[in-house]
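1. Model the following, please.
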Amino acid sequence: MNRTSCLRFGASILWSFAFSLAGCHSAFVEATIDNQGKSPVRLVEVDYPNASFGVGNIAALSQFHYRFKVQGSGTVKIEFTDAAGKVHDSDGPPLSQGQEGRLSIVIQPTGEVVWRPELLPSK
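-> Numbers count the residues shown, from 1 in each chain. Take a look at the predicted model:
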């Protein structure tokens, strides 16, 4: 193989690798539930289009992280129980299939929920 052929072959390998990396991206939402209260919350469940995730408890002043893929369209919701046994629920932003980014769900000391979406539109 001459020098020109080797350079062309190397360039084609690099382009193939670059295109394969560009095609391997999968859209996920990085969710964080941030308990800013002075008491733990328990039985935490987040519902999003066509699925859900949850955790048994989140300690006071702690966070829980979860990564999910949006498979459908609809509103995200959270439900949890505070230390006094009161059930809280809150509706969050709408999600669309293929959407990606970050979603912070902040549980205030009062039990109110603040949603902080940083989401890109679906492609």
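2. residues near Phe53, how many?
-> 15 (other Cβ atoms under 10 Å). Where C-beta positions appear, they are placed from N, C-alpha and C, glycine not excepted.
3. Which SSE is immediately downstream of the least confident helix or strand in the chain by mean pLDDT?
-> Across the helices and strands of the chain, the lowest-confidence element by mean pLDDT, DSSP states H and E is helix 3-22, at a mean of 49. Where DSSP states H and E defines the elements, the next helix or strand beyond helix 3-22 is strand 29-35.
4. Parallel or antiparallel, which strands does that following strand pair with?
-> strand 62-68 (antiparallel), strand 100-107 (parallel) (DSSP bridges).
5. helices or strands up against the helix or strand following that strand?
-> Reading on from strand 29-35 to the C-terminus, the next helix or strand found by DSSP H and E is strand 41-48. Other helices and strands packing on strand 41-48, by 3 or more Cβ pairs under 8 Å, 6 or more residues apart in numbering; DSSP states H and E, are strand 29-35, strand 51-58, strand 62-68, strand 74-81.
6. Now tabulate those strands in JSON lines and tack on mean pLDDT.
-> Formatted as JSON lines, the helices and strands packed on strand 41-48 follow (pLDDT from 0 to 100):
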{"stretch": "strand 29-35", "mean pLDDT": "97"}
{"stretch": "strand 51-58", "mean pLDDT": "97"}
{"stretch": "strand 62-68", "mean pLDDT": "97"}
{"stretch": "strand 74-81", "mean pLDDT": "97"}
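7. Now tabulate these in a markdown table and tack on distance to Val44.
-> Converted to a markdown table, the helices and strands packed on strand 41-48 look like this (distance: least, Cβ to Cβ, whole Å):
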| stretch | distance to Val44 |
| --- | --- |
| strand 29-35 | 6 |
| strand 51-58 | 5 |
| strand 62-68 | 7 |
| strand 74-81 | 4 |
